[in-house]
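**Student:** quick one: sequence plus predicted model below, questions after.
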Amino acid sequence: MPVVIDHRPNRTPTAPPPRRDPAPSRLTYRLQRMWLTPLYRRVVRVGLPAFVLAMVAGLWMADEDRRVRLTDAIASVVTQIQSREEFQVRMMTIEGASPVVDRALRAMLPVDLPASSFEIDLPALRLQVMQLDAVESIDLRIRPGGILSAVVKEREPAILWRHARGIEILDKGGHRVASVTSREVRPDLPLISGEGADLATAEALALFDAAGPILPRVRGLVRRGERRWDLVLDHDQRILLPATGAVTALEAAIALDRAEDMLGRDIAVVDLRHPSRPVLRLGVDARNTIRQARGLPLLGPDGRVLPETES
Amino acid sequence: MADLYQTQRAMRNMRRAALQRGVIGILDIGTSKIACLVLRFDGTGTFRETDGIGPMAGQVNFRVIGAASTRSRGMRRGEIETMAETERAIRTVVATAQKLAGVRVDHVIACLSGGRPSSYGLAGEISLPSGKVGDHEVASVLAACETPDFGRGREVLHAQPVNFAVDNRSGLADPRDHVGNKLFCDMHVLTVDGDMIGNLVHCIRRCDLELAGIASAPYASGRASLVEDEQELGAACIDFGGGGTGVTIFIRKHMIFSDHVPIGGNLITQDIAQGLRVPLPVAERLKTLNGGVEATGRDDREMIDVGGETGDWETDRRQVSRADVIGIMRPRVEEILENVREVLDAAGFDYMPSQQIVLTGGGSQIPGLDGLATRILGPNIRCGRPLRIDGLAHQLTDPSFSSAVGLALFAAHPQDEWWDFEMPSDRYPARSLRRAYRWFRNNW
């Protein structure tokens, strides 16, 4: 009820506004219930925005020109950042490499310096350098100041391996270092030969170490059947070593040589393949001397009995 | 009764489906207010210790995640009078509770207080051919209960087996696997007006909700406000509502009697409005804030401004003493209590082993009511609040929400009803044959 009633003419008393019904209308109620449905809620809150985003992006990207413009813009930004002064590599330093390897390394660098450090793929370069036989390991890094530094550790030549296709220098582990044209290029290195000799270089080096006193007479080691070694001395003398315990057998032979001057005699082969039963094969001259003393026919240089000749 | 059996079974299945989904709504439609609780069933059943809520009545496997109450509209004497208004009120309360809970409620369990409930005690008896009680025999004995004529348009709301007896061993809660020759059962059946349930179902359907169960409000408030011992030893629960007063008698954890006195708090408000010539909202305020039933000398001096918007200064500045209000309220409260006394007498409450009476409902908050009730009903009276349940806001724990809380317990652990047992198969063909015969007779 209003406090003051207006009695002037043509003033109809305005009815108070009807009280709002607190009940939700059927539509509001249904919408609210729909909104509380989990699936609907998820669709509206996640699915719909994602769909709209994908739709807009897809429509925008559908045009070829816009796609090209977008990729160009991205590429230009990328190059702009990569070609900054801070990322430039100006020089390359190589430590611990021989001149040959040094030249090869510089030739392997795929880009011309100065270049951006993003263009130099260090792991790939490293793998490529490791293809060189002469290089054992390389430490490649880009140092501050735009320096590409390579610290190279080269393989050390330890042994020469003569095989059917030529002569190669091997390192201690049997890995190829380089090829040589003749034995005289590296007379300081011991020589091995035979198939599979490079797989047993460690044993060969141990044998050369063990052959101390007779080393001046040693011509080399021959791998036999990829299993055991023959030690070849000058005057066509051979020491056949067993497959296992070759060093011990060689030491035994050297002891025999010291005691009896075995290798100074006319002995063609010392067969140590059975460790408990060493066998000696005498040279042709010695055998002929014996045969002559016994009155037997003599042997020729090929080991056959000579035909009886009237002399 | 088979139709009802089917609908109640359907509601039970709906309730099971709702429990599987984990969310169920509780709708307490009263004359003065409508309350809605949204329960979430965790399914774990693990006991959570939250401020004094113990694992008492199995109320641990759910928690209230949304609760709302609003003024009831379109209701009179516990019955729906204007469907559209009630529907709006249900929409309001369900929308608010849903908003609080953040989940959508699809299944509700509702209760109704009016509808002229009447309770019957039925007895059934079968002989046991196999000499042993099984599920089938239990269902048969329940079906063998002789049903009286409930009257036109009456629907069975509760049909709970109260007691089983095998031969001379009585008082069995679960007679299965007992050996004997005869099986007896006592069943308590509560019927209400069928059209009223129809109206309620219609209102709830109009709100896009599925009805997963229906219970009587006095029964629900009894389950919430009687403690376990009282339910076991026997007690009466008196639910003072707005449109009527419900009386329930429990013994051995079963409701054995329920009735309704159609005088409630709204009538007290009406008396005050008539007696003091004030509008109904003012009368409601006077009753709620200054009401009472025991006048003292101090109440004569305590003057209350009536207020008003009539425009008449003299009327609007009136003052009444609190003694006046009490003088109007007391006769009506006495009348309610005397009616309750009559109902209890008719039910034979005097012969119960325990005479405990629990007052609950919104009307039980009238100061001094327990003193007055002691004089009329009996010495063992207490004012009961509903059981504490997990997650219920503090302002919703007063006695007027006991039927809502009871419905929540009903949703979590319903007592066995007749329709929880399989109907014996020999009943089906007779019914359907008879129906087919009737259909033929009507059509040719």
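**Tutor:** Thanks, I have the structure now.

**Student:** just checking, A:Leu140 touches A:Ala124?
**Tutor:** No: counting by CB atoms under 8 Å, A:Leu140 stays clear of A:Ala124, with 10.3 Å between them. C-beta coordinates here come from the backbone N, C-alpha and C atoms, glycine included.

**Student:** who has more neighbours, these two?
**Tutor:** The neighbour comparison of A:Leu140 against A:Ala124 (other CB atoms under 10 Å in any protein chain shown) goes to A:Leu140, with 18 against 10.

**Student:** list the contacts for the more buried one?
**Tutor:** Residues near A:Leu140 by CB atoms under 8 Å, 6 or more residues apart in numbering or on different chains: A:122, A:125-126, A:129, A:148-150.

**Student:** for ChimeraX, what selects the buried ones among those?
**Tutor:** To isolate the buried ones among the contacts of A:Leu140 in ChimeraX, judged by 16 or more other CB atoms under 10 Å in any protein chain shown, type:
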select /A:125,126,129,148,150
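
**Student:** and the contacts of A:Leu140 as TSV, adding pLDDT?
**Tutor:** Converted to TSV, the contacts of A:Leu140 look like this (pLDDT from 0 to 100):
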residue	pLDDT
A:Leu122	83
A:Leu125	83
A:Arg126	85
A:Val129	82
A:Leu148	82
A:Ser149	84
A:Ala150	83
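
**Student:** what about the contacts of A:Leu140, which are in helices?
**Tutor:** When DSSP state H is applied, the contacts of A:Leu140 are split such that A:122, A:125-126, A:129 fall in helices.

**Student:** please, where are all the helices along the chain?
**Tutor:** Assuming you mean chain A. For chain A, the helices defined by DSSP H cover A:26-35, A:38-42, A:48-61, A:64-82, A:99-108, A:122-130, A:201-210, A:246-260, A:284-294.

**Student:** sorry, I should have been clearer: chain B.
**Tutor:** Going by DSSP H, chain B shows helices at B:2-21, B:83-101, B:135-143, B:194-206, B:217-225, B:228-233, B:265-276, B:280-290, B:297-301, B:313-316, B:322-347, B:369-376, B:402-412, B:427-443.

**Student:** OK, contacts around A:Arg141?
**Tutor:** A:Arg141 is in contact with A:122, A:148-149, counting by CB under 8 Å, 6+ apart.

**Student:** of the residues you listed, closest to chain B?
**Tutor:** Nearest to chain B, judged by CB to the nearest CB, of the contacts of A:Arg141 is A:Leu122 at 56.0 Å.

**Student:** which ones are touching that closest one?
**Tutor:** A:Leu122 makes contact with A:140-142 under the criterion CB under 8 Å, 6+ apart.

**Student:** so which residues on chain A come close to chain B?
**Tutor:** A:1, A:21-24, A:26, A:28-30, A:32-33, A:36-38 (CB under 8 Å from any CB of the partner chain).

**Student:** which pLDDT does the model give residue 39?
**Tutor:** Picking chain A for this. On pLDDT, A:Leu39 comes in at 89.

**Student:** my bad, the chain I had in mind was chain B
**Tutor:** For B:Leu39, the model assigns a pLDDT of 89.

**Student:** for the residue nearest to it when sequence neighbours are not counted, give me its contacts.
**Tutor:** Once flanking residues are discounted, B:Leu39 sits nearest to B:Phe62: 4.6 Å by CB to CB, 6 or more residues apart in numbering or on different chains. The contact partners of B:Phe62, taken as CB under 8 Å, 6+ apart, are B:39-42, B:389-390, B:408, B:411-412.

**Student:** check A:Ile120 too.
**Tutor:** Applying CB under 8 Å, 6+ apart, the residues near A:Ile120 are A:89, A:109-111, A:142, A:148.

**Student:** point out where the stretch 301-444 of chain B drops to low pLDDT.
**Tutor:** Applying pLDDT under 70 to the stretch 301-444 of chain B flags residues B:422-432.

**Student:** separation between A:Arg238 and chain B?
**Tutor:** Here A:Arg238 is placed at a distance of 88 Å from chain B (CB to the nearest CB, to the nearest Å).

**Student:** list the beta-bridge partners for that residue.
**Tutor:** With DSSP bridges as the criterion, A:Arg238 is bridged to A:Val232, A:Val269.

**Student:** rewinding a little: bridged to the residue nearest to B:Leu39, which residues?
**Tutor:** B:Phe41.

**Student:** and the residue of the stretch 151-300 of chain A found nearest chain B, how many neighbours does it have?
**Tutor:** Nearest to chain B in the stretch 151-300 of chain A, going by CB to the nearest CB, is A:Val151, at a distance of 65.3 Å. By other CB under 10 Å, the residues close to A:Val151 number 14.

**Student:** surely A:Gln128 meets A:Met108?
**Tutor:** Yes: contact criterion CB under 8 Å: A:Gln128 and A:Met108 qualify, at 5.6 Å.

**Student:** quick one, which of those two is more surrounded?
**Tutor:** Of the pair A:Gln128 and A:Met108, A:Gln128 is the one with more neighbours under other CB under 10 Å, namely 15 against 12.

**Student:** ok, back up a step: ok, so of the contacts of A:Arg141, who is nearest B:Met255?
**Tutor:** Within the contacts of A:Arg141, the smallest distance to B:Met255 is 86.4 Å, found for A:Leu122 (CB to CB).

**Student:** now the one residue in the stretch 301-444 of chain B that gets nearest to chain A: phi and psi?
**Tutor:** Closest approach of the stretch 301-444 of chain B to chain A (CB to the nearest CB) occurs at B:Gly311, with a separation of 4.7 Å. Main-chain dihedrals, B:Gly311, degrees, to the nearest 10: phi 90, psi -20.

**Student:** now B:Gly291: how far from chain A?
**Tutor:** Taking CB to the nearest CB, one finds B:Gly291 at 26 Å from chain A.

**Student:** quick revisit: ok, now how distant is the residue nearest to B:Leu39 from B:Arg435?
**Tutor:** Distance of B:Phe62 to B:Arg435, given as CB to CB, to the nearest Å: 40 Å.

**Student:** how about A:Leu148?
**Tutor:** 99 Å.

**Student:** count of residues packed around the closest residue to chain B within the stretch 101-250 of chain A?
**Tutor:** Closest residue of the stretch 101-250 of chain A to chain B, CB to the nearest CB: A:Phe118 (52.0 Å). Neighbour count for A:Phe118, taken as other CB under 10 Å: 14.

**Student:** my guess is it meets A:Gln82, correct?
**Tutor:** Yes: the pair formed by A:Phe118 and A:Gln82 meets the contact definition of CB under 8 Å, at 4.3 Å.

**Student:** quick one: contacts for A:Arg126?
**Tutor:** Contacts of A:Arg126 by CB under 8 Å, 6+ apart are A:138, A:140.

**Student:** could you rerun that using 10 Å?
**Tutor:** A:135, A:137-141, A:150 (CB atoms under 10 Å, 6 or more residues apart in numbering or on different chains).

**Student:** mind listing what's buried in stretch B:109-124?
**Tutor:** Applying 16+ other CB under 10 Å to stretch B:109-124 flags B:109-120, B:122, B:124 as buried.

**Student:** distance between the ends of that stretch?
**Tutor:** 30 Å (CA to CA, to the nearest Å).

**Student:** quick check: mean pLDDT of it?
**Tutor:** Averaging pLDDT along stretch B:109-124 gives 86.

**Student:** only alpha carbons, please: show stretch A:210-225 as CSV.
**Tutor:** What follows is stretch A:210-225 as a C-alpha-only set of coordinates in CSV (Å, rounded to 0.1, in the frame of the first residue of the first chain):
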residue,chain,number,x,y,z
ALA,A,210,108.1,-63.2,-25.9
ALA,A,211,110.4,-63.9,-28.8
GLY,A,212,113.0,-61.4,-27.3
PRO,A,213,116.4,-63.2,-27.9
ILE,A,214,115.5,-64.6,-31.3
LEU,A,215,113.7,-61.5,-32.5
PRO,A,216,116.5,-60.6,-34.9
ARG,A,217,115.9,-63.9,-36.7
VAL,A,218,112.2,-63.6,-36.7
ARG,A,219,110.6,-62.8,-40.1
GLY,A,220,107.0,-62.9,-39.0
LEU,A,221,104.1,-64.8,-37.8
VAL,A,222,101.8,-66.8,-40.0
ARG,A,223,98.2,-67.5,-39.0
ARG,A,224,97.3,-71.1,-39.7
GLY,A,225,93.7,-72.0,-40.2
